[in-house]
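S.K.: Sequence plus the predicted model coming up.
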Amino acid sequence: MLKPLPAAKWNYTTAAHLLNRAGFGGTPVEVEKIRKLGPEKAVDFFVDYETLSDPLPSPAWAKAGEGPMGAMEVMRDLGKRTREAKTDEERKAIDAERRKKVQEEQRREIQRILELRGWWLEAMANSPRPLQEKLTLFWHGHFATSAVKVRNGYFMYLQNDTFRKHASGNWLEMLTAVAKDPAMLLWLDQAQSRKEHPNENFAREVMELFALGEGHYTEKDVTEAARAMTGFSIDRITQEFTYRPFFHDNGSKTVLGKNGNFDGNDFLKIIVDEPQAARFISWKLWKFFASEEAPAGLVDAMAESFRAKGNNFKPLLKQMFRSQEFYADSVIRSQVKSPTQWLVNTVKLLQRDLPPALVLSQLMRNLGQELFAPPNVKGWDGGLSWITTNNLLARYNEAAMLVFAKGEIPPDAQKPGFRMAQERANNLLNRMPQVDVAKILSPEQRNKKALLIPALEKHFLAGQLKEKQRKVLTNYLESRGELDDEDIRHAIRLLMSTPEYQLT
């Protein structure tokens, strides 16, 4: 298994497939650049992304001292003033000031997360290292952590940066970095774990969701691992990980059949040393990048190779992206685009800028994938779960919005308090420029109906429409006289509303 794809089978279709899966797709010009590299150099281009400069600036507010923990000093000062107050009137005034400060900080946190979503989507759309951002998206879903509970934009930024730094690195180093990540320490309550009452949340999720899967550990393993993890905490002043030895349980523990006075680092090494940890993460990577089905023996072959290479992801990714299995007919154009893939891919193909951050946040909510707010610790299910009736309708509506730069984002019944934000988003949306079809099609393609549909298929699908959808598009064009840019925009919107466009 995992034999390299022969150079003779490398073509426009396979190059487009690699561009879509190892990144977020691209125009025919970008596909041709990948095709001309050949299969081996094309994979190296994506996976060896460290060789490419990527001056990705962090958000201006993403620094220690900002956010809720930075506001703690203000709260402490208000508490001191309350204690020193001599009258009830003074105390009431200070309490009112405290409530105002809390509300201001809450509004700032909402704004930070909104900006963080826009910042990351911009990185996905424009980074010269598409695989690094695609892997960061994979790890975000794998180690699903929500700002709804963490309530700290700076910590969510730090976690995102951790995923990016370790994206194609070592399995143990990634797992250890995540275990010491402030957002994760808050998300799964590890920062509050004490030897007297070990919190089992993180230890359980490492085994169940992050590294082994159900059926490969016992409840006793969880209890013992939680004892090993005690001491992992956050320094509230520096806003960094800290180890607190006086919180740690120094007794002997037995985890997955191994016995010793283990700490958190020992526990994570025990986990990664398990052969099942390699199988589990190999399957997750195949499912994310290739298909929800795997040929018999493929995952075991990937896991064996992964362990032989020291549990390092880069060699595994190269092997997977070069393999014949990755380019099988059953894999190409068989994956439902996630909302993030759909949105980033769409703006790249339309050759337009992303909408403003406020608009993006509303669009992503309607599409069903709010970055930094996964639905639960399992993350997003993916696959066909992306295509509900409501989400599919949202894709069709947002395709029109992105093409014509007009429309109205529907209200969110679950968040009625966001009405003003929705109105502002609609105003921003309607000030965006329409898609410039001259960037997408040549003058000849725009003027000859016989050339237009094949050109649109190549540009937006790197494939062909099914007969039924092609006929709808053909009938529309035939109903028009001499085509103008508005007609072509409508044709693009029709194509983007086909089942084929929802697949990659």
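M.R.: Yep, that arrived. Numbering: from 1, shown residues only.
S.K.: what's the domain layout of this structure?
M.R.: The chain breaks down by automatic domain parsing into domains covering 7-47+275-327, 339-429, 437-502.
S.K.: what about the stretch 1-150 of the chain, any weak spots by pLDDT?
M.R.: 65-78, 94 (pLDDT under 70).
S.K.: same check, this time on the chain
M.R.: Checking the chain against pLDDT under 70 turns up 65-78, 94, 407-422.
S.K.: Against Asp189, how distant is the residue most central in space within it?
M.R.: In the chain, the residue lying closest to the centroid (C-alpha atoms, centre = their mean) is Leu137, at 2.6 Å. Using C-beta to C-beta, to the nearest Å, Leu137 is found at 25 Å from Asp189. C-beta here means a position set from N, CA and C on the backbone, and glycine is covered the same way.
S.K.: can you check Leu350 too?
M.R.: On the measure of C-beta to C-beta, Leu350 and Asp189 end up 43 Å apart.
S.K.: more crowded one of those two?
M.R.: Leu350 (23 against 13; other C-beta atoms under 10 Å).
S.K.: and the residue lying closest to that one once chain neighbours are set aside, what helix or strand is that in?
M.R.: Once flanking residues are discounted, Leu350 sits nearest to Val435: 5.0 Å by C-beta to C-beta, 6 or more residues apart in numbering. Of the helices and strands defined by DSSP states H and E, none includes Val435.
S.K.: residues touching Val435, list them.
M.R.: Going by C-beta atoms under 8 Å, 6 or more residues apart in numbering, Val435 touches Leu350, Gln351, Arg352, Leu402, Val403, Phe404, Ala405, Arg489, Ile492.
S.K.: now, which of those residues lie within helices?
M.R.: Leu350, Leu402, Val403, Phe404, Arg489, Ile492 (DSSP state H).
S.K.: neighbours of the fourth one, just the number please.
M.R.: This points to Phe404. Around Phe404 there are 17 residues (other C-beta under 10 Å).
S.K.: The third one now?
M.R.: Counted with other C-beta under 10 Å, residues neighbouring Val403 total 22.
S.K.: same question, the fifth one
M.R.: Look at Arg489: counted by other C-beta under 10 Å, it has 20 neighbours.
S.K.: Glu109 contacts Gly153, correct?
M.R.: Yes: counting by C-beta atoms under 8 Å, Glu109 does reach Gly153; the two are 5.8 Å apart.
S.K.: of these two, who's got more company?
M.R.: Neighbour count, other C-beta under 10 Å: between Glu109 and Gly153, Gly153 has more, with 26 against 21.
S.K.: was I right about the more buried one contacting Arg112?
M.R.: Yes: under the criterion of C-beta under 8 Å, Gly153 makes contact with Arg112 at 3.1 Å.
S.K.: contacting residues around Ala399?
M.R.: Thr346, Arg493, Met496, Ser497.
S.K.: how close does the last one sit to Leu451?
M.R.: What that stands for is Ser497. 22 Å.
S.K.: The third one too?
M.R.: With distances defined as C-beta to C-beta, the gap from Met496 to Leu451 amounts to 19 Å.
S.K.: Have a look at these two and say which one is more surrounded.
M.R.: Ranked by neighbour count (other C-beta under 10 Å), Met496 and Leu451 place Met496 first, with 23 against 14.
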